[in-house]
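Colleague: Next comes the sequence, and after it the predicted model I'd like to discuss.
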Amino acid sequence: MALNQDLAKLAAEFGGAWDMRTTAIAGIRIDTAEQLAGFRQERTEMAAEQDERLKAGFAAMKSDVAAMLSDLDEAHATMAAEQDERLKAEFAAMRSDVAGFMDDLAAGSEARSEDVAATLDDHATARAEMGREQDERLKAEVAARKDEVAAMLSDLDEAHAAMAAEQDERLKAEFAAMRSDVADLMDDLAAGSEARSEDVAAMLDDHATARAEMGREQDERLKDGFAAMKDDVAAMLSDLDEAHAAMAAEQRAHLSDERERLAADGAADREERLDDVAGRKAGWAKVTAAMGKRRERAAAAKGRKRPAAARPVAKPPIAEPVAKPVAVVAAPEPEPEPEPVAVVAAPEPEPVAPPKPKSTRDDLTRIRGIGEGMQARLNEIGIFSFEQLMSTSVPKIREALGDAGRMARIDEWMDQARDFSESD
């Protein structure tokens, strides 16, 4: 009887202990579930907070890039306007100088054409220097923008690294706390239940899986964000390069058009002035020839009259008085009265005079700007003498020379060829 009572008492104690164990396990499960729910909630909030910060960072970066592009466009517009104003002022000054040079040239100074060529050379050099300065400014601006973008990327990488380190520290702290709690639970269950160990192991596995999944999701979001940002930056740099190339091409085309137009205007003015000077020289040469012939006829007339006047001179002492009457007889000189007839008739025999013989092949390298190679090119297109060079049109020579004739000063070649032809 006592044994039965002891057994019943032991069974009751065992049942109470079992109930206590069941209650403890249920409490552990509830606490673990609450901790997991709290961890998931914190993880969700942390992910949302990180997404908001990333979105804010990307929005700020896009705003900065947009502001940078706007500033660059404004700087480009301002630079282009300033350059146009400078070009207009320089072209106006150059036209004024060329007009002054041409006026001086009309007075008869052919050497002034060399000053015009030097002025055009100085202007071309200044224009090229200005183009180089603009290219340097654009390159410096693009480099500065690239440095700013690189700094932005570096700051973003540092922020991401700091955020990842902060998150790792929080996760480590939470896992350490959880491990401490689990260790306490395992100590409480040391009397134990292997099933509870499996539950705890499953819980830890789920937690590890959830952590790995959260890390993968975060890595995917970060990769997508960085890929989008890199695409935006690449597109921005491509737009900057295209804008710089377009602006440089536009500037080169504008400078080329202005140079060709200015060269054509200067060549036309120079040819017109030189033709005018040549016409005046030819007229003056004709007048000088006519005056020379009149003097020769007057001298011949004096020579014919002088023997008749010399007859009264018989004695040497009277020679001096006789010379005076001769001078008096020749003094009236009625001959100059028919001068109008002599002036009109004198120029007629000039064209009949045989031209000065010239060689069919001249040394074209005497002309400044023509070397051995350029002389060979001119010989290939049938130009061997100064006369052939002067009689060929500028566009024809430029087209025949190709690339070598684009920057050649053919009008100056023709002026020098004319000078050499006249001097030879």
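Modeller: Done, it's in.
Colleague: What is the neighbour count of Phe420?
Modeller: By the criterion of other Cβ atoms under 10 Å, Phe420 has 17 neighbours. All C-beta atoms are positioned from the backbone trio N, CA, C, and that covers glycine.
Colleague: same question, Asp239
Modeller: 12.
Colleague: element containing it, please.
Modeller: Assessed by DSSP states H and E, Asp239 sits inside helix 194-309.
Colleague: so how far is Glu85 from Gln416?
Modeller: As judged by Cβ to Cβ, to the nearest Å, Gln416 and Glu85 stand 37 Å apart.
Colleague: For these two, indicate the residue with more neighbours.
Modeller: The neighbour count for Gln416 versus Glu85, taken as other Cβ under 10 Å, is higher for Gln416 (22 against 10).
Colleague: Correct me if wrong: the more buried one contacts Arg368.
Modeller: Yes - with contacts counted by Cβ atoms under 8 Å, Gln416 reaches Arg368, the gap being 6.4 Å.
Colleague: who touches stretch 43-56?
Modeller: Contact with stretch 43-56 is made by 163, 167, 170, 210, 214, 217-218, 221-222, 225, as judged by Cβ atoms under 8 Å, 6 or more residues apart in numbering.
Colleague: What residues sit buried inside it?
Modeller: Using 16 or more other Cβ atoms under 10 Å as the test for burial, stretch 43-56 gives 43, 46, 50, 54.
Colleague: any idea how far Asp363 is from Val394?
Modeller: 21 Å.
Colleague: neighbour-wise, which of these two wins?
Modeller: In this view Asp363 and Val394 are compared by other Cβ under 10 Å, and Val394 has more residues nearby, 18 against 12.
Colleague: Wait, that one touches Arg409, no?
Modeller: No - using Cβ under 8 Å, Val394 is not in contact with Arg409, being 9.9 Å away.
Colleague: Helices along the stretch 301-424 of the chain, start to end?
Modeller: Along the stretch 301-424 of the chain, counting by DSSP state H, counting those that start in this stretch, helices occupy 319-330, 339-345, 372-380, 386-391, 394-401, 410-423.
Colleague: From the contact counts, what lies against the longest one?
Modeller: Under the contact criterion of 3 or more Cβ pairs under 8 Å, 6 or more residues apart in numbering; DSSP states H and E, helix 410-423 touches helix 112-188, helix 194-309, helix 386-391, helix 394-401.
Colleague: Could you single out the most deeply buried of those?
Modeller: helix 386-391 (a mean of 18; mean count of other Cβ atoms under 10 Å).
Colleague: Now flag whichever of the contacts of stretch 43-56 is closest to Arg252.
Modeller: Nearest to Arg252 among the contacts of stretch 43-56, counting by Cβ to Cβ, is Gly225 at 40.6 Å.
Colleague: can you pull the contacts of that closest one?
Modeller: 54, 58.
Colleague: Report the separation between it and Arg43.
Modeller: For Gly225, the distance to Arg43 - Cβ to Cβ - is 19 Å.
Colleague: Equivalent analysis for Met79, please.
Modeller: Counting by Cβ to Cβ, the gap from Met79 to Arg43 is 53 Å.
Colleague: do Ala408 as well
Modeller: For Ala408, the distance to Arg43 - Cβ to Cβ - is 77 Å.
Colleague: Find me the pLDDT at Gln41, would you?
Modeller: Model confidence at Gln41, given as pLDDT, is 92.
Colleague: so which helix or strand takes in it?
Modeller: Per DSSP H and E: helix 2-106 holds Gln41.
Colleague: and the angle for that helix with helix 112-188?
Modeller: 180 degrees (axes from the mean of the first three to the mean of the last three Cα atoms, to 10 degrees).
Colleague: chain center to helix 2-106: distance?
Modeller: Helix 2-106 has its C-alpha centroid displaced from the chain centroid by 39 Å (Cα atoms, centre = their mean, to the nearest Å).
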